[in-house]
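Asker: I'd like to go over a predicted model; first the sequence, then the structure.
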Amino acid sequence: MLYFYILMRRFQFNDTRNLLSKLSVRRGWNALKVYSSFYLSRMTGKPIQWGYPISVSFEPTTSCNLRCPECPSGLRAFSRPTGMLEQSFFEKTIDEIHKDLLYLIFYFQGEPYLNPGFLDMVRYASDKKIYTATSTNAHYLNDKNAKKTVESGLDRLIISIDGTTQDVYEQYRVGGKLSKVVEGAANIVKWKKELKSKTPLVVFQFLVVKPNEHQVDDIRQLADEVGVDDVWYKTAQVYDYQNDPNQLIPELNHFSRYKKNSEGQYVPKNKLSNHCWKLWHANVITWDGLVVPCCFDKDAMHQLGNMKMQSFREIWNNENYRQFRKELMSGRRNIDICSNCSEGVKVWG
Ligand code: SF4
């Protein structure tokens, strides 16, 4: 039954059609260039990049209201500064990259709704016909924000909900209130109906960890009761997976990024092949303009450029980027962030 759920994300016809409607000739041509560069790089063993990112994650803020145990934002464990993305900087960057960009994720670390200009930025990107998505803990989806969210043109709203009872939910979402999350999701569903809007696609994202794995069926029932569009299960990244100090790695093998070896120790399931689609087609810009390879570089340890000083086009093929692509292709397991990431592994999330 569970495996069936993993395989069966509901096909979202309206969402797929909506995404395809954002595809211009230029964006399609760029995607083709990125795709062919990636496969040519794999065939030749040389890092080739002809296109620009198809997808970018922009960080609205590093601040967060919760204290989740495997999140550096929640644990206040960043060495980089905490702050808010400024609208003028955001707009300048979007102006530069929007013609090639298909997909914009308003999320990296932190809770996006804490940035007061967040939904105005969504509106700006949406007006440029970019597909927009965000992920939230849904503690700020009051009636007013829910209405504004639907009006902003946001295409996808992922709501983190990792339990169907308060005692289970708060074991990972430390400091969170399940009733607020459910109420926030219901507000969005209500305003979609009121405004006769097909967007955003509303998804419950359930991070499967040991304390909540017995509720993987219950979350579907809750989703149906609230009226959200789908449930997506996500596997958890555990930094210290050998010791698993917070006891998060689930017993349900399908939902784990780790498996036990013959000595009974956890090791990543990932074979860590020396290629990475994510590095080729996407990247991340922090609230203060640092460009990093992907969402696994949470503390921006691998800075490839700074958008406050250079253009995106300069950064995307600069020496740092070329070197990082080369290093990954010659020994991914030697790069700290790449040795414990899910890219390329066949598990959900
Ligand atoms: S951490 Fe993973 S996704 Fe990020 S660049 Fe390395 S291999 Fe790719």
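Answerer: Everything's here; your move.
Asker: Around residue 271, how many other residues sit close by?
Answerer: 10 (other C-beta atoms under 10 Å). Where you see a C-beta, it was placed from the backbone N, CA and C, and this is true even at glycine.
Asker: That one touches residue 342, doesn't it?
Answerer: No - assessed by C-beta atoms under 8 Å, residue 271 is found out of contact with residue 342, at 11.9 Å.
Asker: Please work out which residues outside the host helix or strand of residue 314 touch it.
Answerer: Using DSSP states H and E, residue 314 sits within helix 312-316. The contact list for helix 312-316, computed with C-beta atoms under 8 Å, 6 or more residues apart in numbering, reads 49, 52-53, 93, 96-97, 283, 291, 304-307, 321.
Asker: Among those residues, name the ones in helices.
Answerer: Those of the contacts of helix 312-316 mapping onto helices are 93, 96-97, 321, per DSSP state H.
Asker: Let's have these in JSON lines, adding distance to residue 257 and neighbour count.
Answerer: Below are the ones in helices among the contacts of helix 312-316 laid out as JSON lines (distance: C-beta to C-beta, whole Å; neighbours: other C-beta atoms under 10 Å):
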{"residue": "93", "distance to residue 257": "32", "neighbour count": "20"}
{"residue": "96", "distance to residue 257": "35", "neighbour count": "14"}
{"residue": "97", "distance to residue 257": "31", "neighbour count": "20"}
{"residue": "321", "distance to residue 257": "27", "neighbour count": "20"}
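Asker: Closest one of the residues you listed to residue 232?
Answerer: residue 97 (26.9 Å; C-beta to C-beta).
Asker: Neighbours of the nearest residue to the closest one once chain neighbours are set aside, how many?
Answerer: Spatial nearest neighbour of residue 97, chain neighbours left out: residue 312 (5.3 Å); criterion: C-beta to C-beta, 6 or more residues apart in numbering. Using other C-beta under 10 Å, residue 312 has 19 neighbouring residues.
Asker: Can you give me the pLDDT of residue 312?
Answerer: Reading off the confidence values, residue 312 has pLDDT 96.
Asker: same question, residue 250
Answerer: On the pLDDT scale, residue 250 gets 93.
Asker: swap in residue 73?
Answerer: pLDDT for residue 73: 77.
Asker: for it, helix, strand, or coil?
Answerer: Secondary structure, DSSP: H, G, I helix; E, B strand; the rest coil: residue 73 is coil.
Asker: same check, this time on the one 4 residues further on
Answerer: Secondary structure assignment for residue 77 (three-state DSSP): coil.
Asker: For it, which non-adjacent residue is closest in space?
Answerer: Once flanking residues are discounted, residue 77 sits nearest to residue 299: 8.0 Å by C-beta to C-beta, 6+ apart.
Asker: just residue 252 next, same as before
Answerer: residue 213 (5.2 Å).
Asker: Would you agree the one you found is in contact with residue 250?
Answerer: Yes - Residue 213 is within contact range of residue 250, at 4.3 Å (criterion: C-beta under 8 Å).
Asker: and for these two, which residues touch both?
Answerer: Common neighbours of residue 213 and residue 250 (C-beta under 8 Å, 6+ apart) do not exist.
Asker: which of those two has more neighbours?
Answerer: Set residue 213 next to residue 250 and count neighbours by other C-beta under 10 Å: residue 250 wins out with 21 against 17.
Asker: Make sure the more buried one is indeed in a strand.
Answerer: No - Residue 250 is assigned coil when assessed by three-state DSSP, not a strand.
Asker: roughly how far apart are it and residue 70?
Answerer: 13 Å (C-beta to C-beta, to the nearest Å).
Asker: Also residue 112?
Answerer: Counting by C-beta to C-beta - residue 112 and residue 70 are separated by 19 Å.
Asker: Ok, residue 341 next?
Answerer: For residue 341, the distance to residue 70 (C-beta to C-beta) stands at 14 Å.
Asker: Now do the shared contacts for the two.
Answerer: In contact with both residue 341 and residue 70: residue 237, using C-beta under 8 Å, 6+ apart.
Asker: Between these two, point out the one with more neighbours.
Answerer: residue 341 (22 against 16).
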